[in-house]
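# Pasting the sequence and the predicted model now:
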Amino acid sequence: MRLRRRLLAGGLAVAVVSVAVVLSVACFVAVDSKSHSVSDTLYGWVGWAALIWLVAAISLAIVRLQARRS
């Protein structure tokens, strides 16, 4: 039972990171399509990417905490 929960937690962690990567790339493409320079792209993208990865880090911490409890 414990192994199954750890595998589930590992799968959830992979899913969270995968979603964060896809969202980061999609956000970059969306910001880049409306900008005229590299600095415009980075200024517009960094805030969104930081927010995406902050939510991902919190989600991973919750998944890890739940896996340890059980």
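On my side now, so go ahead. Numbers count the residues shown, from 1 in each chain.

# Would you map the strands across the protein?
Counting by DSSP state E, the chain forms no strands at all.

# where does it dip in pLDDT?
Confidence mapping of the chain against pLDDT under 70 gives the ranges 1, 70.

# Spatially central residue for it, please.
With distances taken as Cα atoms, centre = their mean, the chain has residue 20 as the residue nearest its mean C-alpha position (2.6 Å).

# Next, the contact list for the closest residue to residue 48 other than its chain neighbours, please.
Computed as Cβ to Cβ, 6 or more residues apart in numbering, the closest residue to residue 48 that is not its neighbour in sequence is residue 27, at 4.6 Å. In this view, the C-beta of every residue, glycine as well, is placed from N, C-alpha and C. For residue 27, the contacting residues are 45, 48, 49, 52, by Cβ atoms under 8 Å, 6 or more residues apart in numbering.

# taking these one by one, which sit in helices?
45, 48, 49, 52 (DSSP state H).

# Pick out the most distant pair among those residues.
Farthest pair in the ones in helices among the contacts of residue 27 (Cβ to Cβ) is 45 and 52. Separation: 10.1 Å.

# Enumerate the helices of this protein by residue range, in sequence order.
2-33, 38-69.
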